[in-house]
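*Asks:* A structural model of the following input is requested.
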Amino acid sequence: MIEGKTQDMHLDSPLNHILSQLSLVTVDYGKRPILNNTIQGWFDCLGGKPSEVVVVDGSNNPEIQTVYWRMFQQGSIDKLQISHSTQNYLGNKEKYTKEYTAGAISSKPYILIFKANSQAYQMVYKHWLVEAIESLNREEVFAVSASHNRPCETNAWSDWYFSRKCRHHFILLKRDRFMAAAREFADDCILSGFQDENPAQSDQHPYSIEIAFEQYMERYNLYTLIKVKEPS
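*Replies:* Okay, here's the model as predicted:
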């Protein structure tokens with residue numbers, strides 16, 4: 001894992017202050033190099049580049065890895081872990097390892113985890129980040145996200161919904177809660193360097209880290225807040 005230099009920010013507004021405390025994090029399992037435009041789209045929608053951008057490679061694709069290196073050299077990525085595995089298929093055990101690593105190597109108080117093929121402009125609106133952080137600081141909120149309304153979501157207040165699930169294209173949460181959920185789910189495996197049995201290994205859930213999140217929310221009676229639409 002390598003680290004680049006993060007551009008200094010002037011903390012002259014609530015948004016810049018939040019961006020200075022935010023890690024934008026992803027594991028890319030893609031088969032084509034789409035990450036550059038995707039990350040720039042997140043910068044635009046969030047109102048600027050977060051203080052830290054973390055990418056963990058899950059593609060094992062030399063073409064995509066070349067794109068990562070170029071973005072790292074240009075400063076779009078601050079921390080990069082390249083996969084040297086010859087494995088073409090990643091099971092839940094390997095996915096959990098990479099998803100945990102991506103969050104663990106981040107260093108800011110807040111983490112925004114996004115799926116590498118997601119488009120930010122479809123999910124967030126101007127000033128979303130400031131409002132989302134305010135909501136995230138409620139003790140009962142585990143994460144903040146956005147989604148279309150589904151049966152698993154219940155009206156909370158105003159334009160917000162809450163859900164006991166954490167299956168969305170992106171989630172914003174505190175790093176300490178990310179670590180707590182991940183460690184409670186697979187602590188023995190993590191401490192063994194991922195050599196011991198991983199609870200995600202036999203689970204059929206397609207998004208491994210979200211198993212840990214949902215179990216943590218159930219254990220401590222927390223929920224995900226979801227913004228369905230831009231306020232009128």
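
*Asks:* Sketch out the low-pLDDT regions of this structure for me.
*Replies:* Counting by pLDDT under 70, the ranges of the chain that qualify are 1-12, 31-34, 84-93, 119-126, 147-158, 167-168, 187, 198, 200-207, 228-232.

*Asks:* which helix in it runs the most residues?
*Replies:* For the chain, the helix with the greatest residue count under DSSP state H is helix 175-191.

*Asks:* After that helix, heading C-terminal, what element do we hit next?
*Replies:* Per DSSP states H and E, helix 175-191 leads on to helix 208-220 as the next helix or strand towards the C-terminus.

*Asks:* on contacts alone, who are the packing partners of whichever helix or strand comes after that following helix?
*Replies:* Using DSSP H and E, the next helix or strand after helix 208-220 towards the C-terminus is strand 223-227. For strand 223-227, the packing partners by 3 or more Cβ pairs under 8 Å, 6 or more residues apart in numbering; DSSP states H and E come out as helix 128-136, strand 141-146, strand 160-163. From N, CA and C alone the C-beta is placed, and that goes for glycine too.

*Asks:* Tell me the strands beside strand 223-227, with direction?
*Replies:* strand 141-146 (parallel), strand 160-163 (antiparallel) (DSSP bridges).

*Asks:* Go through those strands and pick out the most buried.
*Replies:* Most buried of the strands paired with strand 223-227, by mean neighbour count (mean count of other Cβ atoms under 10 Å): strand 141-146, with a mean of 25.

*Asks:* Quick check: which element contains the residue nearest the centre of the chain?
*Replies:* Centroid-nearest residue in the chain, with Cα atoms, centre = their mean: I113, separated by 0.9 Å. Here I113 sits within strand 110-114, counting by DSSP H and E.

*Asks:* the inter-axis angle of that strand versus helix 128-136?
*Replies:* For strand 110-114 against helix 128-136, the angle by axes from the mean of the first three to the mean of the last three Cα atoms, to 10 degrees is 120 degrees.

*Asks:* Enumerate every residue touching L136.
*Replies:* Counting by Cβ atoms under 8 Å, 6 or more residues apart in numbering, L136 touches 110, 143-144, 172-174, 225.

*Asks:* bridging residues for the residue nearest to the centre of the chain?
*Replies:* Applying DSSP bridges, one finds that I113 bridges with V25, I171.

*Asks:* Please name every helix or strand in contact with the strand holding I113.
*Replies:* strand 22-28, helix 35-46, helix 92-104, strand 170-174, helix 175-191.

*Asks:* out of the ones you listed, deepest packed?
*Replies:* strand 22-28 (a mean of 26).

*Asks:* what about dumping the CA coordinates of that strand to CSV?
*Replies:* Listed next in CSV are the C-alpha coordinates belonging to strand 22-28 (Å, rounded to 0.1, in the frame of the first residue of the first chain):
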residue,chain,number,x,y,z
LEU,A,22,-13.5,12.7,5.1
SER,A,23,-12.0,9.6,3.4
LEU,A,24,-13.6,8.6,0.1
VAL,A,25,-13.1,4.8,-0.1
THR,A,26,-13.7,2.1,-2.6
VAL,A,27,-12.8,-1.4,-3.6
ASP,A,28,-12.9,-1.7,-7.4
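
*Asks:* how much space between F178 and S83?
*Replies:* Relative to S83, F178 is positioned 21 Å away (Cβ to Cβ, to the nearest Å).
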